[in-house]
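Colleague: Sequence plus the predicted model coming up.
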Amino acid sequence: MTLNPVIKVRNLVKKFGSFVANDNLSFEVYEGEIFGFLGANGAGKTTTIRILTGLSEPTSGEVLVAGFDARSQPEEIKKNIGYMCQKFSLYDDLTIRENIMLYGGIYGLDKTLIRERTNKLLERLNFKEYGDRLISSLPLGLKQKLAFSVAVFHEPRIVFLDEPTGGVDPITRRQFWEMIYETASRGITVFVTTHYMDEAEYCDRVSIMNEGRIVAIDTPAELKKQYDAESVEEVFVKIARPGMKYGKKSETADNNREL
């Protein structure tokens, strides 16, 4: 099988004055892949994502996203990606249908296509009879599902999910990941950050950042083998907190705990 990279990063450096946020990063992400991007707070994840989404310029290095250069073509990158942040990003004072149609217009879709896709999306989410309800009336889990659906409404090549399941219950998290699998099966690359280490196990590959560098990148199975670990959480702890002992009875061993 030929792997088609949709993100190519070579020797990426990002500095803020004398502070190095990204220290010589190199990696690729492939078409239709679910790619987990992990790291402790302050490791440099957010800075990297801002560069990949065309919101920040690298200090040096090569960054290509969907075939476009992050330094010279950030607006082209934005047209080819979707983005969902941890904080809910739809408008509470608009209805479900109004939010979907608003973002369809922002993404540059024509009105006929927006109406067609809106009706299909409402039907797929079982929201058809609730299309005229205000977003503020929805529980958080349904809001997050809707926000994700809106982020891929325009069929982008890549969707960036920044801690998308924070604060939702385990059942909703599992349902959310089923939506991610379905999206990846359509050839859309999913680039996801999460603090839930059990979710990292669902990714095709995982990278782990520490102090501005990518220190590990591979499939979950290979990472566990390389670090003699029973879970990705244990791998993460060994990398991010090397002085901490990790045992089966440790409170850190609960895979549903948020790091």
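Modeller: Nice, I can see it. Residues are numbered from 1 along each chain as shown.
Colleague: where in this structure is pLDDT low?
Modeller: Along the chain, the parts satisfying pLDDT under 70 run over 1-2, 88, 242-259.
Colleague: If we use 90, what do you get?
Modeller: Applying pLDDT under 90 to the chain flags the ranges 1-3, 39-43, 85-90, 106-108, 124-130, 138-145, 162-173, 194-198, 239-259.
Colleague: For it, which segments count as helices?
Modeller: 45-52, 74-79, 96-106, 111-124, 140-151, 170-185, 197-200, 220-226, 232-240 (DSSP state H).
Colleague: which secondary structure elements does the last one contact?
Modeller: Put plainly, it is helix 232-240. The helices and strands touching helix 232-240, judged by 3 or more C-beta pairs under 8 Å, 6 or more residues apart in numbering; DSSP states H and E, are strand 34-39, helix 197-200, strand 205-210, strand 213-218, helix 220-226. C-betas here are computed from N, CA, C, even on glycine.
Colleague: if we can go back for a sec, export the helices of the chain as CSV, with columns for mean neighbour count and distance to Phe19.
Modeller: CSV is the format used below for the helices of the chain (neighbours: other C-beta atoms under 10 Å; distance: least, C-beta to C-beta, whole Å):
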stretch, mean neighbour count, distance to Phe19
helix 45-52, 21, 10
helix 74-79, 16, 22
helix 96-106, 19, 34
helix 111-124, 14, 42
helix 140-151, 20, 31
helix 170-185, 15, 33
helix 197-200, 22, 27
helix 220-226, 15, 28
helix 232-240, 22, 19
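Colleague: Now Pro164: closest residue in space, sequence neighbours ignored.
Modeller: Met84 (5.5 Å; C-beta to C-beta, 6 or more residues apart in numbering).
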